[in-house]
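Enquirer: Here's a sequence, model it:
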Amino acid sequence: MAKYIIRFWIFFFSCLLFAWTFFYGIANWNLLGELPSTQQLENPKFYQASEIYSSDGALIGTYYTENRINVEYKEIPVNLVKALIATEDKRYHNHSGIDFRGLGRAVAGIFTGGKGGASTITQQLAKMLFTERRSGNKLKAIKQKLKEWVMAVRLERLYTKEEIITMYFNQYDFFYSAVGVYNASRVYFGKNLNDLTIEECATLVAMFKSPVGYNPIKNPKRSTGRRNTVMALMRNAGYITTTEYDSLKAVPLKVVKRDISEGNEYAAYFREHIRGFMKKWAKENNYNLYTDGLKIYTSIDSKMQREAEKAMTRHLQKELQPAFEKEWRRRKNGPFDFQTDSKEEEAKSLKRILYNGMRRSERYQTVYYRKKYLLNAYEDYKKIKKPYDMQLDSLEKYKGALHEKEFDLKLLKRKDTLKYFEEILIDKYQEEFDDLLSEYEHYQDEVSDLKEDLEEAYGEYQELLKPFDDSMKVVFNKKVKMKVFSWEKGRTVTKTMTPLDSIFYHKKFLRGGLLSVDATTGYVKAWVGGINHKHFKYDHIKAKRQVGSTFKPFIYAAAIEHGMDPSSVIMNKEITFYKGEYGIPETWTPVNSGAKNLEYELITLKTGLAKSINWVAAGLTKKMGVYTAIEFARRFGIEGRLEPVPSICLGTADVSLWEMVSAYTAFPNKGERFEPITLLRIEDKNGKVLYESQPKKYKVLSESTASQMMDIMEGNTTRFDDNGKTIQGTGYRLRTGKPYGGYPAKVKISGKTGTTQSSSDGWYMGIANNIVTGVWVGCEDRSAHFRNGALGQGANMALPIWGYYMQKFVE
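Expert: Prediction:
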């Protein structure tokens, strides 16, 4: 008997020695292949999404490879931890990574083809972090399981039980772009993690068995059954009472599929704007935007952003687009108006627009960028075009300076008698004119030479492009099933049409842009770049469009700086600029679109802007000069091309919403203009500040002029002038009972409407409570527009959006 006992103990200790040697060999000699190093175990590779936050602390989006937002143990609900332990590893706190009581079931599972069972939470974490997908080969499966055991033990030595559970919850992929329990709670329940109920915690834990098989969205019935099983295990473990269990299992499954992916529409244009900056910043500072868990704090106010998007949708979907479609109903090429009686010319113009749209489409571009021979030819063309454009810009500048100097000379020479200093001035101006003319002629020669080379390179490119272009036209004229935009619920419908027809279809939709900035800080509070980012990627915030009468405040500000005031009187009479003035080829006399009852009367500056009278703006420009108008526009931050022609006073220049809103911040901010700020700071995942924005502020006007301009622009929304005379400004409907109106007189609103030629663009620039908001509405192509001037004016196209938006933010 003693001999058998001795043999038993020898066998027992031999087994222990063998097991120790075997596991030591796996861990240190890589008997089953390479295992993660201690450094890798201490720093497991988590791809963490970078988060974008609003100024009021709301998460407005993420950039990610895996959409994961990590949480700390203290942020995880107690019931979620209890549900996990009760279901996945009830002896979690009593083992060091391996549950030896469950080893038999685990080994049996490998050989029987079952799930294996008895994997501890730590083993499951090791599998998620470091091992490949479970092999169907039995020997390989055993090898994988053994490696997981070793890694589980090592993880238990390196981390506390709380840290292991935290990593587990952060690592698990719940589907629908929800990696980690933080995002899972948002996707499935639309809640913050700490607001989850017991049954919701059980629903998430149920998914650990299979995120697809027990998914509450895909398989609600199976999910409910598994949820109740999890709660039964919680009851058995003493975490909830039988009464609680009986009550909770009867609760119906309630989920909300909330889209938190990069493709969701909330603040989509703004997030793309931030992405553009962040990609460049991350590259320059050695960070990865998509994996490093950066925290990006922005100026956006989440409530104002939502109201801005709702306002855009409400007006365009419910009011303006239906009116637009009704006006063009039963007209073959509507809403395009090419202002020609020739049907042949009209057809050619439409075809040109559609094929240009084809070339800009994603479908076309995807194929185009695979053709290296086309890309190389285009690069050769660009090498010549860049210096050509630079020389052309210089030529335009000298041309403008020449016209200005020529105009000054003509003014002096018109006098019958000249004083001595004026004669000297003429000689000086003539000398400067001759120098400018010499430089102008030099640039003319440069441009002429480059133009020949440019035309040759462009011809070679077009010769290669044409066969490709023709082949794509064939593709674009074949009918296919496709998803297109619709104002119906979901914003997407499936139709069968040719890709070319889809371009025509999409061009019929009115687009819009809204930018809202706090004038006292420069912080952008709302940014709506379009009606739907999924279908219309182009952001209208930085797009340049003709601004119409919203340009007039710059003319009026110049007049105030030159000694006038809101009550200054000017004769509202016809103004003419003659052929040759500022180089114009024909005599030009602007017409008034309204206020006929005030023609040839003395009116105040305030009334002139309130009624947006063209003769007044033209008269001020005639008096001060076109170059003064341009100089003031430059002061306000308008950087694009401003042609030195008289019609600039009516807003013929193309300017972006970004520039216009920035310019208008000078009025409520005592003459100081802010460059709009969108990004406040960037932090790493540990909270270290990596970047902070610095405001850029520019002195534009005196405080007195800015105050007087605010007073003048208040006339836009008033019915009577300061003398009690009825004028009814172009923005007065904000004071009426319209759905977007109802603003009481005590709410001060300074604003300006803008309408461009043929009603292609509608604008409204409004200021209330120091918030400057610009709204633009129009079609993608300027030849698509309202036919009716009343419908196509800025007061009808853009102002209602401002009205809907600001209703909740005025005092």
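
Enquirer: Please list the outside residues in contact with the helix or strand harbouring M312.
Expert: Per DSSP states H and E: M312 is located in helix 302-313. Outside helix 302-313, the residues that touch it by Cβ atoms under 8 Å, 6 or more residues apart in numbering are 54, 56, 58, 60, 265-267, 270, 512, 514, 516, 525-528, 531, 740, 801-805, 808-809. For every residue, glycine as well, the C-beta is placed using N, CA and C.

Enquirer: Show me which of the residues you listed are buried.
Expert: Buried by 16 or more other Cβ atoms under 10 Å: 54, 58, 60, 266-267, 270, 512, 514, 516, 525-528, 531, 740, 801-805, 809, out of the contacts of helix 302-313.

Enquirer: Now intersect these with the strands, please.
Expert: Mapping the buried ones among the contacts of helix 302-313 onto strands (DSSP state E) picks out 60, 512, 514, 516, 525-528.

Enquirer: with those residues in mind, which one is nearest to P668?
Expert: Among these, S516 lies closest to P668 (Cβ to Cβ), at 13.0 Å.

Enquirer: circling back to that earlier point, okay if I get the ones in strands among the buried ones among the contacts of helix 302-313 as TSV plus distance to H93?
Expert: Shown next, in TSV, are these (distance: Cβ to Cβ, whole Å):
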residue	distance to H93
I60	39
G512	58
L514	55
S516	53
K525	50
A526	50
W527	50
V528	52
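
Enquirer: Pull the most distant pair out of the residues you listed.
Expert: Using Cβ to Cβ, these reach their maximum pairwise distance at I60 and G512, which is 20.1 Å.

Enquirer: Show me which of the ones in strands among the buried ones among the contacts of helix 302-313 is closest to M710.
Expert: Nearest to M710 out of these is S516 (Cβ to Cβ; 17.5 Å).

Enquirer: shouldn't the closest one be in contact with N769?
Expert: No. Applying Cβ atoms under 8 Å as the test, S516 and N769 come out as separate, 11.0 Å apart.

Enquirer: Look up how far W615 lies from T589.
Expert: From T589 across to W615, the span is 9 Å (Cβ to Cβ, to the nearest Å).

Enquirer: show me where the stretch 201-350 of the chain has helices.
Expert: For the stretch 201-350 of the chain, the helices defined by DSSP state H, counting those that start in this stretch occupy 220-236, 242-248, 268-284, 302-313, 321-328, 343-360.

Enquirer: which one of those lies closest to V655?
Expert: Proximity to V655, assessed across these by Cβ to Cβ, is greatest for helix 268-284 (18.2 Å).

Enquirer: List the contacts of the closest one.
Expert: Residues from elsewhere that reach helix 268-284 (Cβ under 8 Å, 6+ apart): 50, 52, 60-61, 63, 262, 287-289, 292, 294, 296, 298, 300, 305, 524, 527-530, 533-534, 537, 539, 541, 678-679, 682, 691.

Enquirer: the inter-axis angle of that helix versus helix 302-313?
Expert: Here helix 268-284 runs at an angle of 130 degrees relative to helix 302-313 (axes from the mean of the first three to the mean of the last three Cα atoms, to 10 degrees).

Enquirer: and helix 268-284 with strand 524-528, angle?
Expert: Using the same axes, to 10 degrees: helix 268-284 against strand 524-528 is 110 degrees.

Enquirer: Show me which positions of helix 268-284 end up buried.
Expert: Using 16+ other Cβ under 10 Å as the test for burial, helix 268-284 gives 268-275, 278, 281-282.

Enquirer: I'd like the mean pLDDT over it, please.
Expert: Throughout helix 268-284, pLDDT has a mean value of 96.

Enquirer: How about stretch 186-195?
Expert: 92.

Enquirer: can you give me the end-to-end distance of it?
Expert: Between the start and the finish of stretch 186-195 there is a gap of 10 Å, counting by Cα to Cα, to the nearest Å.

Enquirer: Can you give me the neighbour number for L680?
Expert: Using other Cβ atoms under 10 Å, L680 has 16 other residues around it.

Enquirer: so who does it touch?
Expert: Applying Cβ under 8 Å, 6+ apart, the residues contacting L680 are 55, 297-299, 523, 692-693.

Enquirer: Which among those count as buried?
Expert: 55, 297-299, 523, 693.

Enquirer: Any chance of TSV for those, columns pLDDT?
Expert: Below are the buried ones among the contacts of L680 laid out as TSV (pLDDT from 0 to 100):
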residue	pLDDT
S55	97
Y297	98
T298	98
S299	98
Y523	99
S693	96
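
Enquirer: Which one of those is nearest to V645?
Expert: V645 has its nearest neighbour among the buried ones among the contacts of L680 in Y523, at 36.0 Å by Cβ to Cβ.

Enquirer: Once you drop chain neighbours, what's closest to the closest one?
Expert: Take Y523 and drop its neighbours on the chain: the residue closest to it by Cβ to Cβ, 6 or more residues apart in numbering is S299, 3.7 Å away.
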